[in-house]
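Visitor: Only the shape, not the letters, is given here:
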C-alpha cells in the first residue's frame, strides 16, 4: 500500500475536522478556533490597538441607561417608549442622573458630547485602544484590583507630583466607588472606541455554566 504524503494527511485531517459530524471533530474544531483566537487574533488586535486588553465584555449594569430608578425618585423606566434615539435617551437619563454630575462641575452641554452617551449594556463587547491621554467623558477600562477589569466613565482628572490620576463613575451608579477616585495612568488599559451590542453574552453564558463568572 502506498504511503500517504504529509500533504494528503493534512488534507484528510482537515476534511475530518470540518466535514465530519462526530463529537470528536466538533471538539477539535472548537479547540483550534480557541487557539487561533487566544494566541493569534487576540495578541494581534492588542498589538494594533496598543493594549493587552483590546476586547472586553461588559459584565455588570453599571453603565446601563436602561435601568429603573428607586421608587422614591421615579416610578417609570428611564428609557420610556421603546425605540428612543440616543439623544432622547440621554436627555431622559440626564434628567434623573444629572444632579450628581452638576455637583461635580459637569453640565449637560459638556455631557451631551460624551462618547457612548447612551451607555453600555451587559453583554456588549467593547473594543479598547490605548491612548496618550484621556478626557472627562471617555469610557476607560482599568485595573481596580478586582477580579475583573472595570469599565467606567472618566469624571475628573487630577495632577499631583507630576503624575496624572483619574476618577471614574459608572453611569448607572448613584456615586463613585472607593477604588475609582485615584486611578494612576499605569492601571489604565485604554479607552472604549467601539461597541458590539450583545455578542458578549456568549462568553457570559459560558462563564456562568462553568462557574467562571
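Guide: Structure received. Here the structure is a predicted model, which is why all the values come from computation and not from measurement. Numbering: from 1, shown residues only.
Visitor: which other helices and strands contact the longest helix belonging to the chain?
Guide: What stands out as the longest helix in the chain, according to DSSP state H, is helix 86-103. If you count contacts as 3 or more CB pairs under 8 Å, 6 or more residues apart in numbering; DSSP states H and E, helix 86-103 packs onto helix 108-111. The C-beta positions use only the backbone N, C-alpha and C, and glycine is treated the same way.
Visitor: Only the buried residues of the helix it packs on, if you could.
Guide: residue 111 (16 or more other CB atoms under 10 Å).
Visitor: do the same with stretch 166-174
Guide: Neighbour counts using 16+ other CB under 10 Å place 166-173 of stretch 166-174 among the buried residues.
Visitor: now, which of the residues you listed sits nearest residue 196?
Guide: residue 171 (18.5 Å; CB to CB).
Visitor: just checking, that closest one touches residue 61?
Guide: No: Residue 171 is not in contact with residue 61 according to CB atoms under 8 Å; the separation is 9.7 Å.
Visitor: Serialize the buried residues of stretch 166-174 to JSON lines and add fields for distance to residue 46, secondary structure and pLDDT.
Guide: Listed next are the buried residues of stretch 166-174 as JSON lines, based on distance: CB to CB, whole Å; DSSP: H, G, I helix; E, B strand; the rest coil; pLDDT from 0 to 100:
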{"residue": "166", "distance to residue 46": "21", "secondary structure": "strand", "pLDDT": "97"}
{"residue": "167", "distance to residue 46": "26", "secondary structure": "strand", "pLDDT": "97"}
{"residue": "168", "distance to residue 46": "22", "secondary structure": "strand", "pLDDT": "97"}
{"residue": "169", "distance to residue 46": "27", "secondary structure": "strand", "pLDDT": "96"}
{"residue": "170", "distance to residue 46": "25", "secondary structure": "coil", "pLDDT": "95"}
{"residue": "171", "distance to residue 46": "26", "secondary structure": "coil", "pLDDT": "94"}
{"residue": "172", "distance to residue 46": "28", "secondary structure": "coil", "pLDDT": "92"}
{"residue": "173", "distance to residue 46": "28", "secondary structure": "coil", "pLDDT": "93"}
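Visitor: ok, the residues you listed vs residue 12, which is closest?
Guide: Closest approach to residue 12 among these (CB to CB): residue 170, at 52.8 Å.
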